[in-house]
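Q: 3D model of this:
(2 chains)
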Amino acid sequence: MSEESDLRAAVAAGVVGSGESFRALLSAIVEVARSIFGAQAASILLLDEEAEELVFEAVVGQGEDTLLGTRFAAGTGIAGWVLATRTPLVIEDVGADPRFARDVAEDTGYVPKGLMAAPLLHEEGALGVLSVLDRPEQSLFSLQEMELLGLFANQAAIAVDLLLKARAAERLLDGSGGELEVVARLASAVDGLEDEQRGAGFRLLGELADMLGR
Amino acid sequence: MRGLAPVLSDPVQEVSGHSGDAGKAALPAWSLPKDAVGRIARPASWPDRVTREWALGGATGAGIRVCILDSGVDSTHPLVGELESSVVISLVEDDEVHVEEDGEGDVSGHGTACAGIVRQLAPECQISSVRVLGSTFTGSGGILLGGLRYAIEQGFDVINMSLSTTKKPFATVLHELADSAYFKRAVLVASAHNMPVESYPWRFSSVISVGSHEEADPLDFFYNPNPPVEFFGRGVNVQVPWIGGRTLTVSGNSFATPHISAICALVLSKHPELTPFQLKSVLYLTATNVGGGT
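A: Prediction:
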């Protein structure tokens, strides 16, 4: 990153919020997805490109206490296919598929029978996979549900993109030895002021920028 | 690259790619001299009304070679049966494409499902597997391109692509490959995306793009008057073979695609002279919502 984009990231990190707040947004998205589909569980898997692994970033329902942070190879299983082909998929009776990551599932004592999975696509990249596990058994799958799954995946992809940007900004601040953190704190402090004080804060910053010749 | 000639090196396409075709004499593709008109004469073999019975009635897919470009195919599954060939594509040093016999089979189950759908509808066609998934996660775009290039060079009649890429740098080469397939009479059948993103190759007009319908008849297919998705095949609650000898119920455009691939194989087995352009016209004329439902 250039110095200017470093500063922008620092200001953004101070004002926009932490990675944790976006993680909460992801949790909210999977919670709504699970509720709308009447499913047993829902999760968001994030791709760790360096490690070539998928990581459980948000989980609701069965497995939510144990799966968070769990990793598995990105090229394996149904989630791996969905990620690699950028194509959503719905499978009933997943338990019959020996390639399904059963070891992860069995750790939690929960092996799903059905799975809907859609890639999280942002710009040119595939960031991860949204999965909805075990819809009600009596209902046959419909195209309407596929559309809905796509909408959720789109929303989740935007949230994941924000999360990744926030984390990158946080990493930048951590690695800057405190220099950029001052900028972030300043941005956060001015952003938190109200009315007159806020106006005065921005005027002060303007004077400071003039004084520094920018 | 083992035994592969570059697909894109020859800008002049032959008039005809199929053996036994009357127009095979070397004509330049961009002009028609007066004395050559007779040489491209075509028998008026199409009926006044193209019906589904004429198009594929009694067809079995015999003589047609279908390629499943996917995660591999498990040929030990009884609903799939013997494969003509099975290779895996990988990238070696300097991103060179490497092709070798695939000893692993299917790494996810999806390719087996696609092969099973084709086998069910066109039982006598020859199925080959070109595996472009699972060997590594990174570089998957290059492997996809290498696999498609290989499939075109092998002269398969129908290439089933239930996958897409969102990487723009690959789009140009994919487009060239899709056009190359079109002129070489390799019918490229590709899954459409049902999410709001740009992905390829299904958006290219030289391929047959496929979305899903919810009807239960596997031979039902619909023409879409609002492209880029051109046809809808059966793609919801489909019973398919899966790895491990299992059968699953699945949904998605990626399963609608092999339905259309199989229908293409049926039509081509009965009318091997059809070009991709003509085949698309037959699909249009015999689509359930156009004239094929009667």
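Q: The lowest-mean-pLDDT helix or strand in chain B and chain A in contact?
A: Lowest on mean pLDDT, DSSP states H and E among the helices and strands of chain B sits strand B:246-251, with a mean of 89. Yes. Strand B:246-251 comes into contact with chain A (Cβ under 8 Å from any Cβ of the partner chain), by way of B:246-251. All C-beta atoms are positioned from the backbone trio N, CA, C, and that covers glycine.
Q: so how far is that strand from its chain's centroid?
A: Distance, stretch centre to chain centre, for strand B:246-251: 22 Å (Cα atoms, centre = their mean, to the nearest Å).
Q: Which one of the residues of strand B:246-251 next to chain A sits in the busiest neighbourhood?
A: residue B:251 (26 neighbours; other Cβ atoms under 10 Å in any protein chain shown).
Q: what's near enough to touch it?
A: Residue B:251 makes contact with A:89-90, A:141, A:146, B:212, B:235-238 under the criterion Cβ atoms under 8 Å, 6 or more residues apart in numbering or on different chains.
Q: low-scoring pLDDT stretches of chain A, where are they?
A: Within chain A, the stretches with pLDDT under 70 are A:1-19, A:76, A:94-111, A:137-139, A:175-180, A:214.
Q: quick one, strands of it?
A: Counting by DSSP state E, chain A has strands at residues A:41-48, A:53-61, A:71-73, A:89-92, A:114-122, A:125-133.
Q: Serialize these to JSON lines and add fields for mean neighbour count and distance to chain B.
A: Listed next are the strands of chain A as JSON lines, based on neighbours: other Cβ atoms under 10 Å in any protein chain shown; distance: least, Cβ to the nearest Cβ, whole Å:
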{"stretch": "strand A:41-48", "mean neighbour count": "24", "distance to chain B": "9"}
{"stretch": "strand A:53-61", "mean neighbour count": "22", "distance to chain B": "9"}
{"stretch": "strand A:71-73", "mean neighbour count": "15", "distance to chain B": "8"}
{"stretch": "strand A:89-92", "mean neighbour count": "25", "distance to chain B": "4"}
{"stretch": "strand A:114-122", "mean neighbour count": "26", "distance to chain B": "5"}
{"stretch": "strand A:125-133", "mean neighbour count": "26", "distance to chain B": "7"}
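Q: With distance to residue B:158 added, can I get those in TSV?
A: Listed next are the strands of chain A as TSV, based on distance: least, Cβ to Cβ, whole Å:
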stretch	distance to residue B:158
strand A:41-48	32
strand A:53-61	33
strand A:71-73	32
strand A:89-92	22
strand A:114-122	26
strand A:125-133	27
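Q: among those, which is nearest residue B:195?
A: Of all those, strand A:114-122 sits nearest to residue B:195, with 6.3 Å by Cβ to Cβ.
Q: Would you give the sheet partners of the closest one, along with the direction of each?
A: Take DSSP bridges as the rule and strand A:114-122 pairs in its sheet with strand A:89-92 (antiparallel), strand A:125-133 (antiparallel).
Q: closest one to residue B:189 among these?
A: strand A:89-92 (17.9 Å).
Q: distance between the closest one and the chain's centre?
A: Worked out by Cα atoms, centre = their mean, strand A:89-92 lies 23 Å from the chain centre.
Q: for chain B, what spans make up the strands?
A: Using DSSP E, the strands of chain B run over residues B:65-70, B:85-91, B:97-101, B:126-131, B:158-161, B:187-191, B:208-213, B:222-223, B:231-234, B:238-242, B:246-251.
Q: And the residue nearest the centre of chain A?
A: Chain A has residue A:160 as the residue nearest its centroid, 3.0 Å off, counting by Cα atoms, centre = their mean.
Q: do you know how far that residue is from residue A:122?
A: 7 Å (Cβ to Cβ, to the nearest Å).
Q: Is the spatially most central residue of chain B bridged to anything, and to what?
A: Nearest to the geometric centre of chain B sits residue B:159, at 2.6 Å (Cα atoms, centre = their mean). Note on residue B:159: beta-bridge partners residue B:67, residue B:188, judged by DSSP bridges.
Q: Help me confirm that it comes into contact with residue B:152.
A: Yes. With contact defined as Cβ atoms under 8 Å, residue B:159 counts as touching residue B:152 (7.3 Å).
Q: what do these two both touch?
A: Common neighbours of residue B:159 and residue B:152 (criterion: Cβ under 8 Å, 6+ apart): B:181, B:186.
Q: Show me where chain A has its helices.
A: Using DSSP state H, the helices of chain A run over A:3-16, A:19-37, A:77-85, A:102-107, A:143-175, A:179-192, A:195-211.
Q: What residues of the last one count as buried?
A: Of the residues in helix A:195-211, those scored as buried under the neighbour-count criterion (16 or more other Cβ atoms under 10 Å in any protein chain shown) are residue A:201.
Q: can you check stretch B:142-158 too?
A: B:142-154, B:156-158.
Q: where along chain B do the helices fall?
A: Here chain B has its helices, by DSSP H, at B:52-56, B:110-121, B:140-153, B:168-183, B:253-270, B:276-286.
Q: Pull the contacting residues for the closest residue to residue A:47 other than its chain neighbours.
A: Distances taken as Cβ to Cβ, 6 or more residues apart in numbering or on different chains put residue A:128 closest to residue A:47, at 5.2 Å, once the chain neighbours are dropped. Residue A:128 makes contacts with A:44-47, A:54, A:57, A:83, A:119-120, A:156-157, A:160, as judged by Cβ under 8 Å, 6+ apart.
Q: Tell me what residue A:128 is bridged to.
A: As assigned using DSSP bridges, the partners bridged with residue A:128 are residue A:46, residue A:120.
Q: who in the stretch 101-250 of chain B is up against chain A?
A: Applying Cβ under 8 Å from any Cβ, we find that the stretch 101-250 of chain B lies next to chain A at B:107-110, B:133-134, B:136-138, B:140, B:162-168, B:191, B:193-197, B:199, B:212-214, B:236-237, B:242-244, B:246-250.
Q: how many other residues sit next to residue B:253?
A: Other residues near residue B:253 come to 28 when the count uses other Cβ under 10 Å.
Q: now residue B:176
A: Around residue B:176 there are 16 residues (other Cβ under 10 Å).
Q: returning to what we had before: now for the buried residues of stretch B:142-158, which pair is the farthest apart?
A: With distances taken as Cβ to Cβ, the most widely separated pair in those is B:142 and B:157, at 25.5 Å.
Q: For residue B:275, give me the backbone phi and psi.
A: Main-chain dihedrals, residue B:275, degrees, to the nearest 10: phi -80, psi 160.
Q: Surely it and residue B:185 touch.
A: Yes. Residue B:275 lies in contact with residue B:185 (Cβ under 8 Å); the separation is 6.0 Å.
Q: Please produce CSV containing the helices of chain B, extended by distance to residue B:87 and mean pLDDT.
A: Listed next are the helices of chain B as CSV, based on distance: least, Cβ to Cβ, whole Å; pLDDT from 0 to 100:
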stretch, distance to residue B:87, mean pLDDT
helix B:52-56, 29, 95
helix B:110-121, 12, 96
helix B:140-153, 7, 92
helix B:168-183, 17, 94
helix B:253-270, 18, 97
helix B:276-286, 24, 96
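Q: Format those helices as a markdown table; extra columns: distance to residue A:186.
A: Shown next, in a markdown table, are those (distance: least, Cβ to Cβ, whole Å):
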| stretch | distance to residue A:186 |
| --- | --- |
| helix B:52-56 | 72 |
| helix B:110-121 | 52 |
| helix B:140-153 | 43 |
| helix B:168-183 | 38 |
| helix B:253-270 | 50 |
| helix B:276-286 | 62 |
